[in-house]
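A.B. asks: Below are the sequence and a predicted model for it; my questions follow.
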Amino acid sequence: MVHYLYNRVSIMRHISGAAAGYLASATIVRIMPEALRLGGDMMALWALGGFLFVHVIEYGVTPHFHYGEESHDHEGTAMTGLMALLGLSLHSFLDGMTITAAMRAESALGTLVFLGVLLHRIPEGATISSIFLVRGFGARGALFAAGTLTLTALMGALCQDIFKMPVGPVLAVAAGLGLYVACVDLLPQAQKESGWKSTVSLMTGVLIFVLANYLLPHEHSHGHEHPATRGEHTDDFGHNRGQSYAAPSPCPPHSHKH
């Protein structure tokens, strides 16, 4: 029994490492550059806000929360489990918004984001299920918690589709969230494996991203948002605020008569 539990935990740690590698790669290589393309330099602040927002959720809204298998009751109650579900539901809602926003910006980016969400949904679902089991909710409660995360992701996708929030800030916030989840939540779980195992799982995720990024076409969607070009001011949401300077007109060549 102990050997079975160890194998299950070890497998989940490897999946966490792969998810961390994929999320970090997708965020740095594709999501953040697209956010900057659409909204300008201000999107870096939105990304920072997303990073800090996740930290507040995990260590402010949901006390004693941590990723990974929870095998013992440490300073927790049933309310602790419900608060953990609330925090992860906010994660899932933002994940859903990000998928829709990415599809509006670029069809291939939507697919890449979806793969990233799918990868980190596995350890996330295992985390909330184990929390609910340890807190006494039983198997049905664990299934309910995992299903709630799926439902909130769908709600986030629908809300983004209905209200059409600016794509640039949504992607930027998602970039901050992705980096936090990859580096703070998922990667430390993989690093609990001894030796080179965590490195292998991390690089597996990176290779999955590289392969998917290579195979998927890069085509920007039209009719939604446009990049901030040089000479234009954009606000925090990437909206054009007019020309920052007027380029001088070249003087016409002088004609000389002989």
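C.D. replies: Noted; the coordinates are in hand.
A.B. asks: what's the strand or helix carrying residue 45 packed up against?
C.D. replies: Under the assignment given by DSSP states H and E, the secondary-structure element containing residue 45 is helix 43-56. Helices and strands touching helix 43-56, as assessed by 3 or more C-beta pairs under 8 Å, 6 or more residues apart in numbering; DSSP states H and E, comprise helix 32-39, helix 167-180. Quick note: C-beta positions are derived from backbone N, CA and C, even for glycine.
A.B. asks: right, so those helices: which one is the most enclosed?
C.D. replies: With neighbours defined by mean count of other C-beta atoms under 10 Å, none of those is more surrounded on average than helix 167-180, at a mean of 27.
A.B. asks: Let's see the helix or strand following that one as CSV, backbone CA atoms only.
C.D. replies: Remark: after helix 167-180, the chain's next helix or strand is helix 187-190, criterion DSSP H and E. Taking Å, rounded to 0.1, in the frame of the first residue of the first chain, the C-alpha atoms of helix 187-190 are listed here in CSV:
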residue,chain,number,x,y,z
LEU,A,187,8.2,23.1,-9.9
PRO,A,188,8.8,22.7,-6.1
GLN,A,189,6.7,19.5,-6.3
ALA,A,190,8.8,18.1,-9.0
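A.B. asks: Can you tell me what sits against helix 187-190?
C.D. replies: Contacts of helix 187-190 with the rest of the structure, by C-beta atoms under 8 Å, 6 or more residues apart in numbering, involve 12-14, 16-17, 20, 67-68, 123, 197-198, 201-202.
A.B. asks: redo that, cut-off 10 Å
C.D. replies: Under the criterion C-beta atoms under 10 Å, 6 or more residues apart in numbering, residues 9, 12-21, 23-24, 66-69, 123, 127, 181, 197-202, 205 lie in contact with helix 187-190.
A.B. asks: before we move on, what about stretch 10-18?
C.D. replies: When contacts are taken as C-beta under 10 Å, 6+ apart, the neighbours of stretch 10-18 outside the stretch itself are 67-69, 119-120, 122-124, 126-127, 130, 182, 185-194, 197-209.
A.B. asks: let's see 6 Å
C.D. replies: Taking C-beta atoms under 6 Å, 6 or more residues apart in numbering as the criterion, the residues outside stretch 10-18 that touch it are 122-123, 126, 186, 189-190, 192-193, 198, 201-202, 204-205.
A.B. asks: For these, give me TSV that also has secondary structure.
C.D. replies: Written out in TSV, the entries for these read as follows (DSSP: H, G, I helix; E, B strand; the rest coil):
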residue	secondary structure
122	helix
123	helix
126	helix
186	helix
189	helix
190	helix
192	coil
193	coil
198	helix
201	helix
202	helix
204	helix
205	helix
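A.B. asks: I'd like to know which of those residues are buried.
C.D. replies: Applying a neighbour-count criterion of 16 or more other C-beta atoms under 10 Å, the buried members of these are 123, 126, 186, 189, 190, 193, 198, 201, 202, 204, 205.
A.B. asks: So the third one is in contact with residue 22, correct?
C.D. replies: No. Using C-beta atoms under 6 Å as the test, residue 186 is too far from residue 22 to be in contact (9.6 Å).
A.B. asks: would you list every one of the helices in the stretch 1-150 of the chain?
C.D. replies: Along the stretch 1-150 of the chain, the segments classed as helices by DSSP state H, counting those that start in this stretch run 2-26, 32-39, 43-56, 78-105, 107-134, 138-163.
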